[in-house]
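Enquirer: Dropping a prediction and its sequence here:
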Amino acid sequence: MVHNAYDSFQLLKDCPARIDAVESYGSKLFAGCYDGSLRIYSPESSGSDRSLPSELHQESYVLENTVTGFSKKPIVAMEVLASRELLLSISESIAFHGLPNLETVAVITKAKGANAYSWDDRRGFLCFSRQKRVCVFKHDGKISLRGGGFVEVRDYGVPDTVKSISWCGENICLGIRKEYMILNTANGTLSEVFPSGRVAPPLVISLPSGELLLGKVGFVRLLRSPYPLIQTIVLQNIRRLVRSNNAVIVGLDNSVHVLFPVSIGAQIVQLTASGNFEEALALCKLLPPEESSLRAAKESSIHTRFAHYLFENGSYEEAMEHFLASQVDITHVLSMYPSIILPKTTMIPQPDKMVDISGDEASLSRGSSGISDDMESSSPRYFVESEDNEALESKKMSHNTLMALIKYLQKKRPGIIEKATSEGTEEVISDAVGKTYGAYDSSKSKKSNKGRGTIPLNSGAREMAAILDTALLQALLHTGQSGAAIELLKGVNYCDVKICEEILMKSKNYSALLELFKSNSMHHEALKLLNQLSEESKSNQSQTEVTQIFSPELIIEYLKADNLPLCRTDPMLVLEYSMLVLESCPTQTIDLFLSGNISADLVNSYLKKHAPNMQGRYLELMMAMNESAVSGNLQNEMVQIYLSEVLDLHAAKSAQQEWDDKDHPPERKKLLSALESISGYNPQTLLKRLPRDSLYEERAVILGKMNQHELALSIYVHKLHAPDLALAYCDRIYESVTYLPSGKPSSNIYLTLLQIYLNPKKSAKDFAKRIVALGSFESSDTAKMMESVLSSKAKGGRFKKIVSIEGAEDMRAGLSSSTDSGRSDVDAEEPMEEGNSTVMISEVLDLLSHRWERINGAQALKLLPRETKLQNLLPFLAPLLRNSSEAHRNFSVIKSLRQSENLQVKEELYKHRKGVAQVTSESMCSLCNKKIGTSVFAVYPNGKTLVHFVCFKDSQGMKAVSKTSHGRRR
């Protein structure tokens, strides 16, 4: 957009000769005329003021001196090289003159016939045009009268004679024919800019800021990269454009004008006042670095005014972009949305208060821009009148305006949330180290690090975060973005709970309300709401949507959420609300207890009180997950529950006379499995609860846990009549780690079963006595027990043959000679009765034939009656003897190998003992390189390396020290 970047002023007029070239030297003006003379002008005030500045004055100039015959031909162009105190001129050729006396010091003969030139003082490059060529020279030494010190760099061809030339960075701007072109010095290509007109010749000058000043018919054009039009100044018959220290000199036929630059600040004011905000922002970037604070203030105010303009004209997203760039407080933007409710503690500015940007304009120097002062205050107002407020409010709450607001708040949010979080963290740390001064305000939220609820006045960042999140949530809900609102609440947020709760309840957006409660650790309110919605869903099945969304499982999911460690922080809350859905979701609830690491004892006691029917299920799952993590008390509790279920089943069936001890319903299978696999229960307590005439298999398992193996085996043999179960019991005990005190297998358990088979009557007596001793029955029941155990009839045809035992004394002697380790539970037996005992010979033979490798053969043979036939013992003795012979043979081979190895080692020892070390007068120590002489020496294993014994000890000590230090470094 066109604006005043330069002010034009006429320095001199009515020059007697046509002016072909102009230049400034300090405050003086050089005019090269057509007659070859050089006229020197100075300001009128120079006569009285001797301390003249080195800049052109904005006043009339008068002739000070005329140098006649300065050049034989008309002066085409000239330039003052201030850093070198030289005047460069072009006439017949390019010449250099000393200043201030104007004596000729050098002439470049190769530039003869040149008609235009340009000098780059920074790089020392000189370019000039000659006919249809453009030459580039580089200053490479001291200037001499013959042009020494200049080296030709490159020569370019152009389509026509060059009329004006100027460096433009590393490229060259040319005025050819009636147009302007840019010459690329890297590749020699030409690109057109725009025509100069049909009459006036093209004139070009490069400004220090990188701008180009180009002349056209009747005016001057100022271009800024990428060459947009900025200003037009009307002047007639322009012949030369020259850059000076503080201005641009425009040479006409008989007069000289100067373009004084308008300050950038004043230009910014012009553009802002005329509503050209984009151009004003672009111009702000040209402010000097030392005015960075001023530049930031100007940019912010311009962005704000531009945003208001765009907002009122319907460009909402662009307006928010400028609000974002202005760094204006978000409350200023939110004040434009009166329907959005914000926390009451926040002071919201009125929307009609336009941000004033004119406060700092007084500090911007405008120079002599010629712009009236009232232009600055003539900025248009872009707000509608009061009678249109209702329409404006409706417009501001439209979908497009809210979408623009959402994008604006989402872009502002990360920085504000980061500041709020840092503020909360610093506050927590300050509290932890005791640096908090004074107690928290009573209205301050407990969640100080999140800025919840009523925000403390001293929490600026969290207050701003609460305003932002509360507004953002409302904007999302107004635009129907419930999913985005829920995602906002799931993360770290500072939404005002009271305002958002009221809005969400009114809109029945329960999912978002739950997330609001969750993010503010209001778990009791969230669970209460979930339970209420779940109950409403059950009572009104017609509301299918509610039934599908708010099911009882949602309570479990809430309590089980990974980001809410409720099971660790508030287990009683978890137990309280899990009981509400335990009946409808038993598996999920118990899984919650297990996965939440809630104390098993706490859950068990809570279930025992509120849901005893689920107690066993919970303990079962606990055992299935990790038995070692379940305490002995809970294991005992679970077994007691299983036993109670079996006893209830036994009582019910016994009352109907339907109980059969051989049946194994699911409850009994579960109890037996628990008794066998669990080790943490109290067997004494369970044993007292068992009935007298049933559940013998359970009694056997419990007795086995009490290491009463003989009693357990007696039950398997005499009460259950199950030799296979007795054998399986022996196998289980044999393979069990608990039965191996020495870590080696023992055959005592099989010998115990063998004795029960060989003397069933005595084992039955012992069973009855020891059962009474263990407290399982009263003494009055002993007779019944013995009668039951000693019944002569076997059930199920299990006993095939009963024979009398003779030679009981011999058998007793054999037992007494056996080692103590071979007898576990029968070490203190009474003398066995003779003549009345019966032997279960078939079971004995089966046991010996099937478990021969686990039984001590010698002890087993001593226990067998004399009448036992060897032929019946063949399945036992044959593999036993074969195994014994094989073992003897293997051990013999091993012994021979050991002896052979021993002989080889001895031979090796003798060989090493025969080694000889020869020490002569020339023998040297390999460590200290001194002669061994008569000192004590040591020989290395190779037999050749000799060292002093002292040196050897020292070296060993150094190795030990180095190893120790290396280990410490590790």
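Expert: Ah, there it is.

Enquirer: which helices and strands sit right next to the lengthiest helix in the chain?
Expert: In terms of residue count, the longest helix belonging to the chain (DSSP state H) is helix 874-913. Packing partners of helix 874-913 (3 or more C-beta pairs under 8 Å, 6 or more residues apart in numbering; DSSP states H and E): helix 841-850, helix 857-863. All C-beta atoms are positioned from the backbone trio N, CA, C, and that covers glycine.

Enquirer: so which of those is the most packed in?
Expert: Highest mean neighbour count of the helices and strands packed on helix 874-913: helix 841-850, a mean of 20 (counted as mean count of other C-beta atoms under 10 Å).

Enquirer: what's the nearest residue to the residue positioned nearest the centre of the chain if we skip its chain neighbours?
Expert: For the chain, the residue nearest the mean C-alpha position is G491 (14.0 Å; C-alpha atoms, centre = their mean). Closest residue to G491 apart from its sequence neighbours, by C-beta to C-beta, 6 or more residues apart in numbering: S519 at 7.9 Å.

Enquirer: Number of residues surrounding that neighbour?
Expert: Neighbour count for S519, taken as other C-beta atoms under 10 Å: 22.

Enquirer: Distance of it relative to I330?
Expert: Applying C-beta to C-beta, to the nearest Å, the value for S519 to I330 is 21 Å.

Enquirer: Also H322?
Expert: Taking C-beta to C-beta as the criterion, H322 is separated from I330 by 14 Å.

Enquirer: E922 too?
Expert: Distance of E922 to I330, given as C-beta to C-beta: 97 Å.

Enquirer: Tell me which strands the next helix or strand after the longest helix of the chain pairs with, and in which orientation.
Expert: For helix 874-913, the following helix or strand on the C-terminal side (DSSP states H and E) is strand 937-939. Taking DSSP bridges as the criterion, strand 937-939 forms sheet pairs with strand 946-948 (antiparallel).

Enquirer: for the partner strand, what is the average pLDDT?
Expert: Mean per-residue pLDDT for strand 946-948: 92.

Enquirer: ditto for stretch 882-895
Expert: Mean per-residue pLDDT for stretch 882-895: 91.

Enquirer: just stretch 716-727 next, same as before
Expert: The average of the pLDDT scores along stretch 716-727 is 85.

Enquirer: contacting residues around L99?
Expert: Y25, V80, E85, L86, L87 (C-beta atoms under 8 Å, 6 or more residues apart in numbering).

Enquirer: Could you check how far it is from I341?
Expert: Noted for L99: a distance of 75 Å to I341, by C-beta to C-beta.

Enquirer: and stretch 846-859, how far from the chain's centre?
Expert: Chain-centre distance of stretch 846-859: 67 Å, with C-alpha atoms, centre = their mean, to the nearest Å.

Enquirer: Between its first and last residues, how far does it reach?
Expert: In stretch 846-859, first residue to last residue: 17 Å (C-alpha to C-alpha, to the nearest Å).

Enquirer: repeat for stretch 318-333
Expert: Stretch 318-333: ends 13 Å apart by C-alpha to C-alpha.

Enquirer: which residues are in contact with that stretch?
Expert: The contact list for stretch 318-333 (C-beta under 8 Å, 6+ apart) reads 299-304, 306-311, 342, 346-349, 355, 404-405, 407-409, 411-412, 416, 464, 467-468, 471.

Enquirer: Going through the residues you listed, which ones are buried?
Expert: For those, a burial check counting by 16 or more other C-beta atoms under 10 Å picks out 299-304, 306-311, 342, 355, 404-405, 407-409, 412, 416, 464, 467-468, 471.

Enquirer: List the ones among those residues that fall in helices.
Expert: Mapping the buried ones among the contacts of stretch 318-333 onto helices (DSSP H) picks out 299-304, 306-311, 404-405, 407-409, 412, 416, 464, 467-468, 471.

Enquirer: Quick one: the contacts of L99 as JSON lines, columns for pLDDT, neighbour count and secondary structure too.
Expert: Formatted as JSON lines, the contacts of L99 follow (pLDDT from 0 to 100; neighbours: other C-beta atoms under 10 Å; DSSP: H, G, I helix; E, B strand; the rest coil):
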{"residue": "Y25", "pLDDT": "86", "neighbour count": "19", "secondary structure": "strand"}
{"residue": "V80", "pLDDT": "87", "neighbour count": "22", "secondary structure": "strand"}
{"residue": "E85", "pLDDT": "83", "neighbour count": "12", "secondary structure": "coil"}
{"residue": "L86", "pLDDT": "85", "neighbour count": "19", "secondary structure": "strand"}
{"residue": "L87", "pLDDT": "88", "neighbour count": "24", "secondary structure": "strand"}
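
Enquirer: Those: which two are farthest apart?
Expert: Y25 and L86 (10.6 Å; C-beta to C-beta).

Enquirer: Show me whatever sits in contact with both of the two.
Expert: V80, L99.

Enquirer: Please identify which of the helices and strands packed on helix 874-913 is closest to Y642.
Expert: Closest to Y642 of the helices and strands packed on helix 874-913, according to C-beta to C-beta: helix 841-850, at 31.9 Å.

Enquirer: Quick check: which helices or strands does that closest one pack against?
Expert: Partner elements for helix 841-850 (3+ C-beta pairs under 8 Å, 6+ apart): helix 723-735, helix 748-758, helix 874-913.

Enquirer: Packed most tightly, which of the ones you listed would that be?
Expert: helix 748-758 (a mean of 24).

Enquirer: what is the rounded mean pLDDT of that one?
Expert: 84.

Enquirer: and it with helix 841-850, angle?
Expert: 160 degrees (axes from the mean of the first three to the mean of the last three C-alpha atoms, to 10 degrees).

Enquirer: what about helix 748-758, distance to the chain center?
Expert: Distance, stretch centre to chain centre, for helix 748-758: 68 Å (C-alpha atoms, centre = their mean).

Enquirer: Of E922 and I330, give the one with the bigger neighbour count.
Expert: With neighbours defined as other C-beta under 10 Å, E922 and I330 compare such that I330 has more, 22 against 7.

Enquirer: Just the pLDDT for that one.
Expert: 89.

Enquirer: Also the one 5 residues further on?
Expert: The predicted local confidence for S335 comes out at a pLDDT of 88.

Enquirer: what's the burial count for it?
Expert: Neighbour count for S335, taken as other C-beta under 10 Å: 17.

Enquirer: Double-check G632 against P683; I have them as touching.
Expert: No: if you go by C-beta atoms under 8 Å, G632 and P683 don't touch, sitting 11.7 Å apart.

Enquirer: what about the two, which has more around it?
Expert: It is P683, of G632 and P683, that has more neighbours when counted by other C-beta under 10 Å, with 20 against 12.

Enquirer: list the contacts for the more buried one?
Expert: Residues near P683 by C-beta under 8 Å, 6+ apart: I702, L703, K705, M706.

Enquirer: Show me which of these are buried.
Expert: Restricting the contacts of P683 to buried positions leaves I702, L703, K705, with burial counted as 16+ other C-beta under 10 Å.

Enquirer: What distance do you get for the first one to L672?
Expert: If you measure I702 against L672 using C-beta to C-beta, the figure is 10 Å.

Enquirer: what does S263 give?
Expert: From S263 to L672 the distance is 102 Å (C-beta to C-beta).

Enquirer: Between those two, which has more neighbouring residues?
Expert: Shown here are S263 and L672; by other C-beta under 10 Å, L672 has more neighbours (18 against 15).

Enquirer: The more buried one against E697, yeah?
Expert: Yes: using C-beta under 8 Å as the test, L672 is close enough to E697 to be in contact (6.5 Å).

Enquirer: sorry, back to before: phi and psi next, for the residue nearest to G491.
Expert: phi -70, psi -20 (degrees, to the nearest 10).

Enquirer: so what's it up against?
Expert: Applying C-beta under 8 Å, 6+ apart to S519 gives the contacts K450, L489, K490, G491, V492, N493, C495.
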